[in-house]
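1. Take this sequence and fold it.
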Amino acid sequence: MPEQTPFCSETWINRIRVQELPVLRYTRQQLDEARERMDGVTARDIVEIVLQDPLLAVRMIAQTQIIRGQSLHHDISTIGSSIMMMGIEPFFRTVTDLKSVEEILQDRPQALLGVLKVIGRAKNAARYAHEWALWRVDYDIREITLAALLRDLAEILLYILEPLRALEIHAMLKANPGLRSVEAQKAVLGCSLADIQVALCRAWELPALLLQLIDDREAGHPRVRNVTLAVTLARHLANGWDDPALPSDLAEVAAFLNIDLETLARRLNLALPP
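-> So this is what the prediction gives:
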């Protein structure tokens, strides 16, 4: 393994302040519109906005962890619970003067395209995970949905904070189709994005349950399996139907849900290839 680089060091991790994370430009527009009609805004309205943007979602969860302090003996692991604890007006005070991802990467169009693709994948993964958790009658579907949305957070942040490194990894994978993603990440960063993800969760003191749900080392747990399969399917679908891993992905999901492929495709509004 290459010698550890600053991108995996405690110094690099600690310089990423969750309260300074940008959001999507569309998210900022939605927040501004909601603020103007605050008296009529409900917690559900805010949840719908937040769950469209993994950057805003992780900001909220991390800030709620700070607010709750010692007053609660359990973590807040859903956006709805976070809103209930924070309150609607205080929430809007925490999301003023936000930078947008598009502004930060306006001079790096390739990186902007890359991060938007990853965020799009994350939203699809959250949708799949939600559907499967519903099918399996999970005891808290909201936790599964949030975990899937945040599973690729480290990759999103890499595109924003270190766009050249993110693009280098992307170029390496494109030039070497057989290369595993984790090998490219270690070659460029000195560690994997999964390592960075876990370190960020700990640095921001995110809920232990959330950390478990996004940690591949817990893959034997059915709830973690739900998240992992959703993220994997979303990633491969983003490459198109000719991605060689898709047949295996779909078979694994069907087996996980104990349904046939046709039922799976119908539930997720997917058109199976001929």
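2. pull the longest helix from this structure.
-> Counting residues, the longest helix found in the chain (DSSP state H) is helix 109-135.
3. Run through this protein and note the low-pLDDT ranges.
-> 1-9, 11, 68-74, 271-274 (pLDDT under 70).
4. where's the helix or strand following the longest helix of the chain relative to the chain centroid, distance-wise?
-> Next helix or strand after helix 109-135 toward the C-terminus (DSSP states H and E): helix 141-150. How far helix 141-150 lies from its chain's middle: 8 Å, per C-alpha atoms, centre = their mean, to the nearest Å.
5. Quick test: name the residue nearest the centre of this protein.
-> residue 150 (2.2 Å; C-alpha atoms, centre = their mean).
6. any idea how far it is from residue 266?
-> 28 Å (C-beta to C-beta, to the nearest Å). Glycine gets a C-beta too; all of them are placed from N, C-alpha and C.
7. Kindly report the same for residue 170.
-> Taken as C-beta to C-beta, the span from residue 170 to residue 266 is 33 Å.
8. Any buried residues in the longest helix of the chain, and which?
-> 111-112, 114-116, 118-119, 121-133, 135 (16 or more other C-beta atoms under 10 Å).
9. Can you name the residues that contact the residue nearest to the centre of the chain?
-> Contact analysis of residue 150 by C-beta atoms under 8 Å, 6 or more residues apart in numbering lists 54, 57, 58, 122, 210, 214.
10. Looking at those residues, which two lie furthest apart in space?
-> 122 and 210 (14.3 Å; C-beta to C-beta).
11. For residue 160, grab phi and psi.
-> With angles defined as degrees, to the nearest 10, residue 160 sits at phi -80, psi -40.
12. and what of residue 206?
-> Per degrees, to the nearest 10, the backbone of residue 206 is at phi -70, psi 160.
13. so how far is residue 199 from it?
-> 11 Å.
14. More neighbours: those two, which one.
-> residue 206 (23 against 19; other C-beta atoms under 10 Å).
15. shouldn't that one be in contact with residue 64?
-> No - proximity of residue 206 to residue 64 does not meet the contact threshold set by C-beta atoms under 8 Å, at 9.9 Å.
16. Next, find the distance separating the closest residue to residue 120 other than its chain neighbours from residue 232.
-> Excluding its sequence neighbours, the residue lying closest to residue 120 (C-beta to C-beta, 6 or more residues apart in numbering) is residue 238, at 7.3 Å. Residue 238 is 11 Å from residue 232, where distance means C-beta to C-beta.
17. Equivalent analysis for residue 38, please.
-> 39 Å.
18. So the two - more neighbours on which side?
-> Neighbour count, other C-beta under 10 Å: between residue 38 and residue 232, residue 232 has more, with 19 against 11.
19. returning to that earlier point: just the contacts of residue 150 now: which is nearest residue 174?
-> Comparing the contacts of residue 150 against residue 174 with C-beta to C-beta places residue 122 closest, at 20.5 Å.
20. got a list of what the closest one touches?
-> If you count contacts by C-beta under 8 Å, 6+ apart, then residue 122 has 54, 148, 149, 150, 151, 152, 153, 156, 231, 234 around it.
21. quick one: residue 85 and residue 67 touch, right?
-> Yes - between residue 85 and residue 67 there is a contact under C-beta under 8 Å: 6.4 Å.
22. residues near residue 173, how many?
-> 16.
23. Please apply the same query to residue 241.
-> 12.
24. Give me the phi and psi for it.
-> Backbone geometry at residue 241, expressed as degrees, to the nearest 10, gives phi -70, psi -10.
25. Now do the end-to-end distance for stretch 87-102.
-> 29 Å (C-alpha to C-alpha, to the nearest Å).
26. Just give me how far it sits from the chain centre.
-> So, by C-alpha atoms, centre = their mean, the centroid of stretch 87-102 is 19 Å from its chain's centroid.
27. Which residues outside it are in contact with it?
-> For stretch 87-102, using C-beta under 8 Å, 6+ apart, the contacting residues are 19, 22-25, 28, 31, 34-35, 38, 41-43, 46, 55-56, 59-60, 63, 83, 86, 112, 115-116, 160.
28. Would you mark the buried spots in that stretch?
-> Buried residues in stretch 87-102 (16+ other C-beta under 10 Å): 88, 91, 92, 95, 98, 100, 101, 102.
29. Now flag whichever of these is closest to residue 178.
-> residue 101 (31.4 Å).
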